[in-house]
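*Asks:* Sequence first, predicted coordinates after that:
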Amino acid sequence: MKSPKLPFLAAFLLFCTFLQAQETYVLNGTIRDASNNETLSGVNILFPDLQTGTVSNEYGFYSIKLPEGEHQMLISYLGYKSISTRLELSSNSTRIFDLETASENLAEVVITEDIERLNISKPEMSVNKLEISTIQKLPVIFGEVDVIKSLLLLPGVSNAGEASSGFNVRGGAADQNLILLDEATIYNASHLFGLFSVFNPDAIKNLKLYKGGIPAKYGGRVSSVLDIYQKDGNSKKFEANGGIGLISSRLLMEGPIIKNKSSFLVGGRSSYAHLFLKLTDNENSAYFYDLNTKISHRINDRNSLLFSGYFGRDVFNISESFQNTYGNSVFNLRWNHVFQKNIFSNLSVIYSDYYYGLTLDFVGFNWNSGIKNLNFKYDFDHFVNQNTNFNYGIQATYFAFNPGEIEPNSETSGISVSQLTKKYALENAAYISLEQTLTENFSAEVGLRYSIFLRLGQEELNLYEGGEAVKYNERFGIYEKADPIGTKTLDNRKIEKSFGNLEPRLALAYTINEDESVKLSYNRMSQYLHLITNTSSPTPLDVWAPSGKYLEPQLLDQVAAGYFRNFLAQEYSLEVETFYKKLQNRLDYIDGANLIANNAIEQVILPGKARAYGLEVLFRKNRGRFTGWFAYTLSNSEQKTPGRTAAEPGINNSNWYPTAYDKTHDLSITATYEWRQKWDFSANFIYQTGLPTTYPTGQYRFENLTVPVYAPRNSNNLPDYHRLDISATYRPNSKADKKYESSWNFGFYNVYARKNAVSLSFRKNEDSMRNEAVRLSIFGIVPSITYNFKF
């Protein structure tokens with residue numbers, strides 16, 4: 001007679017065998033550049049037999065859970081040779097892969113279909129990426145490679161005209177962009193009042209611009225995030241590269257401290273056009289300089305330390321009696337650590353300092369202002385399995401605002417020390433985000449961020465009747481400053497006012513087939529800092545102010561939908577997106593507002609609202625000797641400041657009016673052609689609707705004065721903007737094995753010398769005694785030549 005236990009035992013053994021066959025293990029590691037050990041982000045790691053894969057994060061780290069056994073592994077990254085290998089997995093494993101740079105004529109077609117599917121199906125949209133190698137080929141003014149100017153060639157990105165600082169994204173203001181360099185905030189991203197950006201292209205590893213669908217780990221600005229990472233430094237061998245141009249030069253050096261373990265990077269730039277002015281009778285000068293540095297140390301496979309810094313200054317002199325100095329200083333200490341094979345962490349302590357100073361010798365005083373912040377953040381990437389990834393973390397930032405300080409610069413100046421009221425704030429946030437593959441065709445990223453902003457105490461906070469710092473004069477029909485009825489002083493360790501906001505994020509992707517998908521995103525963002533400016537382009541004199549008793553935080557909601565398509569094995573790609581965004585508590589200024597050295601800025605501002613909507617098209621040719629893209633944006637950006645009561649007219653009679661940076665049409669065509677490996681030819685063509693402005697429509701006489709009558713605010717436009725730029729790059733020693741490489745870049749900015757209007761002013765012609773419009777333009781045709789080298 002058979003024992004009744006035998007069938008049960010057999011079933012149990014069969015079940016255990018099944019479990020053993022289904023056992024999974026974690027494969028993780030780092031993807032690096034084989035030539036210098038630089039980590040690579042955004043690398044595709046695929047397993048075709050399992051129909052799964054992952055992507056390396058910002059620090060080159062990847063992690064994925066796989067079943068036990070042998071699998072085909074494919075690794076691919078643009079500009080590098082692909083790796084195809086067989087991997088035997090019988091336990092948790094750490095593998096580092098080094099990718100070699102692809103040769104110029106190498107056409108990598110391996111795993112194209114799998115890569116396309118991974119990119120198409122990923123729930124990421126409204127993100128623009130530009131390779132530094134692409135940026136370096138684009139024609140730019142004075143031949144100075146410029147990250148910000150290159151972004152302007154993409155859909156949804158514009159600025160306030162030539163030689164303007166900052167940039168605008170999807171109808172947002174320049175101060176609504178979060179600009180990060182190695183996670184540190186850059187408050188002013190321009191040199192020489194917008195002529196160049198502060199980013200040395202030789203020091204940059206990668207960059208991403210998020211215009212919508214912004215992940216939950218980012219916050220503090222409502223329009224976009226520009227996330228830039230510096231190189232870690234070559235830990236294999238010493239290298240140096242740089243360039244010599246007509247008005248500026250640069251040099252970057254990197255190399256190992258301990259070979260294959262630690263490295264350094266140091267780079268500098270400086271302009272010197274002002275030195276030529278000394279050869280003439282011109283006593284004025286304007287120049288900039290900056291320094292990038294980084295030290296990286298890999299303790300072991302699970303731990304790394306990185307220290308990075310940036311220091312930049314602009315100096316503007318007028319006859320040695322007026323000097324303007326401004327710039328950024330940032331430092332970041334990071335610790336990367338891997339927990340339990342599938343959890344990657346990044347702990348950062350970050351310091352940012354933006355300084356603005358004036359020396360006015362003709363009146364005998366110095367003016368100093370700025371903003372400083374100290375930031376602590378701890379971020380985690382948790383790779384649960386091939387279908388589920390979590391990101392979560394905490395952040396805390398302390399702010400100190402110095403609106404302005406006056407001090408005498410000599411004993412005989414007669415100026416006494418004066419300090420505008422300093423302000424302090426603390427911003428904390430926690431976030432969690434889940435990226436989930438739901439089905440073969442459907443994936444989602446869901447996130448939630450909670451931010452708390454604490455406005456800390458200050459000396460002499462003004463108090464007003466009814467809590468309103470602006471009053472409406474019904475007799476004259478104008479807004480005026482309200483008179484304070486008292487002041488309040490509160491220790492800066494105590495909370496004067498607090499704000500808290502939930503910021504949900506959502507991104508969905510539905511794959512139609514291997515070549516096309518549709519995506520949808522929503523994000524809510526909060527911004528607690530305000531740039532006090534009444535110009536369309538930020539200037540160094542603008543100051544930042546925190547939200548508080550009289551300034552509410554800006555709150556933005558944005559939805560976007562898009563269609564994405566790859567053609568001919570990803571040789572061509574098409575992205576079409578539409579967006580709508582609305583903004584609460586956008587600052588507007590009463591007529592005649594004085595913003596400079598104003599110790600009661602609340603007396604000249606009113607809260608308003610803004611909205612923007614549009615359509616973006618980006619068509620790219622990604623491979624071959626001829627590459628480039630076509631970018632077009634059709635959009636509308638408006639704002640409105642209604643009256644606080646029925647008796648008040650608000651600004652512009654409470655009607656919607658175009659923002660100062662609204663551009664209905666924005667077209668960019670960019671093309672690059674490689675000829676015989678020694679020559680690269682590039683061209684840009686740009687066409688934009690002219691910026692909004694306000695023209696006078698008439699005039700009247702009052703007590704022997706001529707008073708102009710203006711049209712509604714921003715109801716007119718400057719003439720349309722367009723120009724053509726071309727450049728050619730010659731490489732005399734184009735072979736890859738050369739120890740010394742060099743190239744010459746020749747360019748022409750604004751080839752047909754279009755006189756694009758920066759502004760229009762009106763005056764009376766003294767001869768004809770008639771009113772006339774005068775156009776101000778900055779650049780005609782501008783030639784450039786730059787010599788670049790590397791050894």
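*Replies:* Great, that's in hand. Residues are numbered from 1 along each chain as shown.

*Asks:* hey, where'd the helices end up in the stretch 1-150 of the chain?
*Replies:* Ranges of helices within the stretch 1-150 of the chain are 5-21, 112-121, 132-135, 147-151, based on DSSP state H, counting those that start in this stretch.

*Asks:* Restrict the shortest one to CA atoms and write it as PDB.
*Replies:* Put plainly, it is helix 132-135. Provided in PDB are the C-alpha atoms of helix 132-135 (Å, rounded to 0.1, in the frame of the first residue of the first chain):
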ATOM      1  CA  ILE A 132      27.900  68.700 -26.400                       C
ATOM      2  CA  SER A 133      29.400  67.400 -29.700                       C
ATOM      3  CA  THR A 134      26.400  68.800 -31.500                       C
ATOM      4  CA  ILE A 135      26.500  72.100 -29.600                       C
END
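
*Asks:* which other helices and strands contact it?
*Replies:* Using 3 or more C-beta pairs under 8 Å, 6 or more residues apart in numbering; DSSP states H and E, the elements in contact with helix 132-135 are helix 147-151, strand 204-210. Any C-beta I mention is one placed from the backbone N, CA and C, and that applies to glycine too.

*Asks:* model confidence over the first one, on average?
*Replies:* The average pLDDT for helix 147-151 rounds to 91.

*Asks:* Same question for the longest one.
*Replies:* Mean per-residue pLDDT for strand 204-210: 92.

*Asks:* and stretch 231-249, how far from the chain's centre?
*Replies:* Relative to its parent chain, stretch 231-249 has a centroid offset of 23 Å by C-alpha atoms, centre = their mean, to the nearest Å.

*Asks:* Pull out the buried residues from that stretch.
*Replies:* Across stretch 231-249, burial judged by 16 or more other C-beta atoms under 10 Å covers 231-236, 239, 241-243, 245-249.

*Asks:* Count the neighbours of L634 for me.
*Replies:* 17 (other C-beta atoms under 10 Å).

*Asks:* ok, now the one 3 residues further on?
*Replies:* Burial of S637, expressed as a neighbour count using other C-beta under 10 Å, amounts to 24.

*Asks:* which stretch among the helices and strands packed on helix 132-135 comes nearest Y59?
*Replies:* Nearest of the helices and strands packed on helix 132-135 to Y59, taken as C-beta to C-beta: strand 204-210 at 10.5 Å.

*Asks:* okay, the closest one in PDB with CA atoms only?
*Replies:* C-alpha atoms of strand 204-210 as PDB (Å, rounded to 0.1, in the frame of the first residue of the first chain):
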ATOM      1  CA  ILE A 204      30.000  69.800 -19.500                       C
ATOM      2  CA  LYS A 205      29.200  66.100 -19.600                       C
ATOM      3  CA  ASN A 206      25.400  66.200 -20.400                       C
ATOM      4  CA  LEU A 207      22.400  68.400 -20.100                       C
ATOM      5  CA  LYS A 208      18.600  68.000 -20.100                       C
ATOM      6  CA  LEU A 209      15.900  70.600 -20.400                       C
ATOM      7  CA  TYR A 210      12.500  69.700 -18.900                       C
END
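
*Asks:* how far is it from where the chain is centred?
*Replies:* Distance, centroid of strand 204-210 to centroid of chain: 8 Å (C-alpha atoms, centre = their mean).

*Asks:* again with stretch 438-446
*Replies:* In terms of C-alpha atoms, centre = their mean, the centre of stretch 438-446 is found 28 Å from the chain centre.

*Asks:* what number of residues lie near V417?
*Replies:* V417, neighbours per other C-beta under 10 Å, totals 9.

*Asks:* Setting the sequence-adjacent residues aside, check what's closest to it.
*Replies:* Nearest residue to V417 in three dimensions, chain neighbours excluded: E407, at 5.2 Å (C-beta to C-beta, 6 or more residues apart in numbering).

*Asks:* Report the separation between that neighbour and R313.
*Replies:* Using C-beta to C-beta, to the nearest Å, E407 is found at 20 Å from R313.

*Asks:* neighbour count winner among the two?
*Replies:* Using other C-beta under 10 Å, the more surrounded residue of E407 and R313 is R313, with 17 against 14.

*Asks:* next structured bit after whatever helix or strand that one lives in?
*Replies:* R313 is located in strand 303-318, with elements delineated by DSSP states H and E. Per DSSP H and E, strand 303-318 leads on to strand 322-339 as the next helix or strand towards the C-terminus.

*Asks:* Show me what that following strand pairs with in its sheet, parallel or antiparallel.
*Replies:* Here strand 322-339 has these sheet partners by DSSP bridges: strand 303-318 (antiparallel), strand 343-360 (antiparallel).

*Asks:* Quick one: the ones you listed as a markdown table, columns for mean pLDDT and distance to P123 too.
*Replies:* Listed next are those as a markdown table, based on pLDDT from 0 to 100; distance: least, C-beta to C-beta, whole Å:
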| stretch | mean pLDDT | distance to P123 |
| --- | --- | --- |
| strand 303-318 | 93 | 29 |
| strand 343-360 | 93 | 20 |
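
*Asks:* And these: which comes nearest S768?
*Replies:* Of all the strands paired with strand 322-339, strand 303-318 sits nearest to S768, with 34.3 Å by C-beta to C-beta.

*Asks:* centre of the chain versus that closest one, how much separation?
*Replies:* 17 Å.
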